[in-house]
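I would like the atomic coordinates for the input below:
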Amino acid sequence: MEELFYTLFSQLPGTESGMQVALYALSALLSLVACILLAHRNDLGWWAQILAVFAGPLVIAMQYDMLFLIYAIPALFVGVFGLWRFSRYSFQGKFTRQVTRSPLGLSAIITTVLGIAVLTALHLGEMLTTGFAFTAGTGTIWVSYITEAAVLMAFFLVAQGIRSGWLLMALASAVYVATLFTNNPAFALLFVWVFMVIASLYAWFMWRVLPRRDATAQLADHQAVTE
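Numbers count the residues shown, from 1 in each chain. Just a heads-up that it's a prediction; the model follows:
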């Protein structure tokens, strides 16, 4: 059992670092499930993403460092926002929503960039305030935290029906996979993040058939005039 745990997480069982890596892997797995569900516009995908934050950042914050809540709570907000935003779409089945695609406008781009910057800063926490984040050898930390923030902001875009969010998620996940290879990668994390790339591209492909919001509005206006 100890050998299996070390193979999956590259950490010894029973250690603090081992538990944190295992929680991050579980969190990533739930985010993967969220991607697959949201590819089909299923409300349960947002619940999976909320659980992903509970399983990872929130549990780690409550068990090891309460200051980490300054990152965990905003991360949780992304899933809650997605659940609320999808509730504005009408149902098409039991849990599936009739999502309409929105264009990637300048405001969405600015919000995404600012969101990535803020989430990265919150994730760095004391490393940023003490100056440790700017010392030599922290490049991998910066890249991993920026890509994790990009994934969260990609969910934020998806919640608004912006299909490009899936491409951002695929790109960020691919960069995260490359970052893992620079260290001694935990097999479980590597496996899940590789599939995050695949699931994001799958979702982007699935959303190609969704109607555009402007086209839907024009159709509704035409039907109102006809009636």
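
Only C-alpha atoms from now on, for both contacts and neighbour counts.
OK.

Give me the contact list for the biggest helix by length in the chain.
Ranked by number of residues, the top helix in the chain under DSSP state H is helix 16-39. Outside helix 16-39, the residues within contact range by CA atoms under 8 Å, 6 or more residues apart in numbering are 9-13, 43-49, 51-57, 60, 188-189, 192-193, 195-196, 199-200, 202-204, 206-207.

and these, which are buried?
Buried members of those, scored by 16 or more other CA atoms under 10 Å, are 9-13, 43-49, 51-57, 60, 188-189, 192-193, 195-196, 199-200, 202-204, 207.

Can you tell me which of these end up in helices?
Short answer: the buried ones among the contacts of helix 16-39 in helices (DSSP H) are 9, 44-49, 51-53, 60, 188-189, 192-193, 195-196, 199-200, 202-204.

Check what pLDDT the nearest residue to A48 once chain neighbours are set aside gets.
Closest residue to A48 apart from its sequence neighbours, by CA to CA, 6 or more residues apart in numbering: A34 at 5.2 Å. With respect to pLDDT, A34 scores 98.

tally of neighbours for A34?
27 (other CA atoms under 10 Å).

Quick check: closest non-adjacent residue to S173.
Counting by CA to CA, 6+ apart, S173 lies nearest to V197, which is 5.5 Å off, once chain neighbours are set aside.

so where is this structure shaky, pLDDT-wise?
Where the chain drops to pLDDT under 70, the residues are 214-227.

how about a cut-off of 50?
217-227 (pLDDT under 50).

Okay, strands next: where are they in it?
Ranges of strands in the chain, per DSSP state E: none exist.

wouldn't M206 be in contact with R101 here?
No. Taking contacts as CA atoms under 8 Å, M206 lies outside contact range of R101: 11.9 Å.

Spit out the contact partners of the closest residue to F5 other than its chain neighbours.
Closest residue to F5 apart from its sequence neighbours, by CA to CA, 6+ apart: P13 at 6.3 Å. With contacts defined as CA under 8 Å, 6+ apart, P13 is in contact with 2, 5-6, 19.

Got a PyMOL select line for the buried ones in those?
Here is the PyMOL selection string for the buried members of these, based on 16+ other CA under 10 Å:
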select buried, resi 5+19
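
Among the contacts of P13, which one lies nearest to N184?
Checking the contacts of P13 against N184 with CA to CA, the nearest one is Y6 at 11.3 Å.

Relative to T111, how far out is that closest one?
Distance, Y6 to T111, using CA to CA, to the nearest Å: 39 Å.

same question, A188
Using CA to CA, one gets 32 Å for the distance from A188 to T111.

do the same with W84
Distance of W84 to T111, given as CA to CA: 18 Å.

again, but for V33
For V33, the distance to T111 equals 25 Å [CA to CA].

So those two - more neighbours on which side?
Neighbours per residue, other CA under 10 Å: of V33 and T111, the larger number sits with V33, 21 against 14.

Spatially nearest residue to I198, not counting backbone neighbours?
The shortest distance from I198 to any non-neighbouring residue, by CA to CA, 6+ apart, is to A170 (7.3 Å).

what number of residues lie near the one you found?
When neighbours are defined as other CA under 10 Å, A170 has 27 of them.

From F156, how far off is I110?
Distance from I110 to F156, by CA to CA: 13 Å.
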